[in-house]
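Asker: Structure of the sequence below:
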Amino acid sequence: MLVLGLLLAGCANVNPYFDSNKPHHRPEGFANNYPPNPAYQRPKLGFFEGWAARIRNWTEDADARAPRAPIEPVTPDLAFIHANRSEPALTWIGHATFLFQTGTGMNILTDPVFDERASPVPFAGPKRHQRPGVALAELPRIDVVLLSHSHYDHLSKDSLRALYRQAGGPPLLVAPLGVDIWLANNVTGGDRSRIVKLDWWDKTTVDGVELHLLPVFHWSARSPWDRNETLWGGFAVTRPGFSFFFSGDLAYSKDIQDIAARFDGFDLAAVGIGAYQPVWYRNSHVSPDEAVRIHRELKIKRSVGMHWGTYPMGQERLDQAPLDLAQAREAQGVAEDAFFVMRHGATYRPQQDQ
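Answerer: This is a model prediction of the structure:
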């Protein structure tokens, strides 16, 4: 049943956006800009053996990854969230899902996943450890949804369908190449009027806010048969006076220097810090030490660690990443208030630090 579910979730095997002039394009999909780090090479497994190992990881006893101490949420400040039209603010809903309020009256949601499991099937796969910090029904009207890639812990059909039916009209869905096709087929009923597709370094402007898709080292798939058929990426959200970086999923690569060469720092960022054990997971995600390096190299004023404490994606304990983040900050000379973690439901307001 699991294999059948994965098969049905697959995509086409021809890249309709193939451009031979772009090195990261392939006739069948997309590729990273740079080779993987050989230190993080994945153990060589056959096709079926590899997916069997992945399924075992989804279904094994959760005690090994349980947090050492409770991960306590906070009651969200819904009054502020709903009234805020003029102040940049970031609310952590869980994993890679944030409500980013630009300070211009725009509400942006990143990688919205409110599901009980980050999985193609309801009976197996990473199970939510922590409820969403803000429930779907508690959100203000969302103007824009940013989607980084197709993995189930970042792209949820049910969550997006609910958002598309929100009061006041559907949000704008901004996605990498190929994910737009999935959205049209699975969320919007074929209507593409509220979908924007982007290639790396492309941007779209919405009410004076620029949304840039950035190259990062990762991959995509929703089944064993559609690897890298759709593009992936991080985002820069910029407007006069404020800039925000959303890493999506990424491994550390020279893409970071390429981003740094085009953007003169960021005021705020959400950067992944979890799912880095075993070590070969770092060919897809960054360790806390690498996340702090990204913080420094992108000249980010304030970074928030994400991708931890919600779904057990890696083999480290759910609360290990913040502990390793503290060590990485100290080792690299980064202040505690410059790269921190939030509690589910909490809102960070950068102006309060000024």
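
Asker: Any regions of the stretch 1-150 of the chain where pLDDT drops low?
Answerer: Along the stretch 1-150 of the chain, segments meeting pLDDT under 70 span 1-12, 45-62.

Asker: can you rerun that using 90?
Answerer: Counting by pLDDT under 90, the low-confidence segments of the stretch 1-150 of the chain come to 1-13, 41-66, 119-126.

Asker: Once you drop chain neighbours, what's closest to the residue nearest the centre of the chain?
Answerer: Centroid-nearest residue in the chain: residue 248, 3.2 Å away (criterion: C-alpha atoms, centre = their mean). Leaving aside its chain neighbours, residue 248 sits nearest to residue 148 (2.9 Å; criterion: C-beta to C-beta, 6 or more residues apart in numbering). Quick note: C-beta positions are derived from backbone N, CA and C, even for glycine.

Asker: in what helix or strand does that neighbour lie?
Answerer: Under DSSP states H and E, no helix or strand contains residue 148.

Asker: so what's it up against?
Answerer: For residue 148, the contacting residues are 96, 110, 111, 154, 176, 232, 233, 234, 235, 246, 248, 249, by C-beta atoms under 8 Å, 6 or more residues apart in numbering.

Asker: between these, which is nearest residue 14?
Answerer: Residue 14 lies nearest to residue 176 out of the contacts of residue 148, by C-beta to C-beta, at 16.8 Å.

Asker: sorry, back to before: just put the contacts of residue 148 in CSV and tack on secondary structure and distance to residue 280.
Answerer: Shown next, in CSV, are the contacts of residue 148 (DSSP: H, G, I helix; E, B strand; the rest coil; distance: C-beta to C-beta, whole Å):
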residue, secondary structure, distance to residue 280
96, coil, 21
110, strand, 26
111, coil, 23
154, coil, 20
176, strand, 24
232, coil, 18
233, coil, 22
234, strand, 21
235, strand, 26
246, strand, 25
248, coil, 20
249, coil, 15
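
Asker: Please convert the residues you listed to TSV, extending it with distance to residue 205.
Answerer: Shown next, in TSV, are the contacts of residue 148 (distance: C-beta to C-beta, whole Å):
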residue	distance to residue 205
96	24
110	18
111	21
154	24
176	18
232	22
233	17
234	18
235	13
246	17
248	20
249	25
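
Asker: Residue 162 contacts residue 132, correct?
Answerer: No: in this structure residue 162 lies outside contact range of residue 132 using C-beta atoms under 8 Å: 11.9 Å.

Asker: out of these two, which sits in the busier spot?
Answerer: residue 132 (24 against 16; other C-beta atoms under 10 Å).

Asker: Can you classify that one as helix, strand or coil?
Answerer: coil (DSSP: H, G, I helix; E, B strand; the rest coil).

Asker: Quick check, it in contact with residue 91.
Answerer: No: the criterion here is C-beta under 8 Å, and residue 132 misses it with residue 91 at 10.7 Å.

Asker: re earlier: hey, what's in contact with both of residue 162 and residue 132?
Answerer: Both residue 162 and residue 132 are contacted by residue 114, under the criterion C-beta under 8 Å, 6+ apart.
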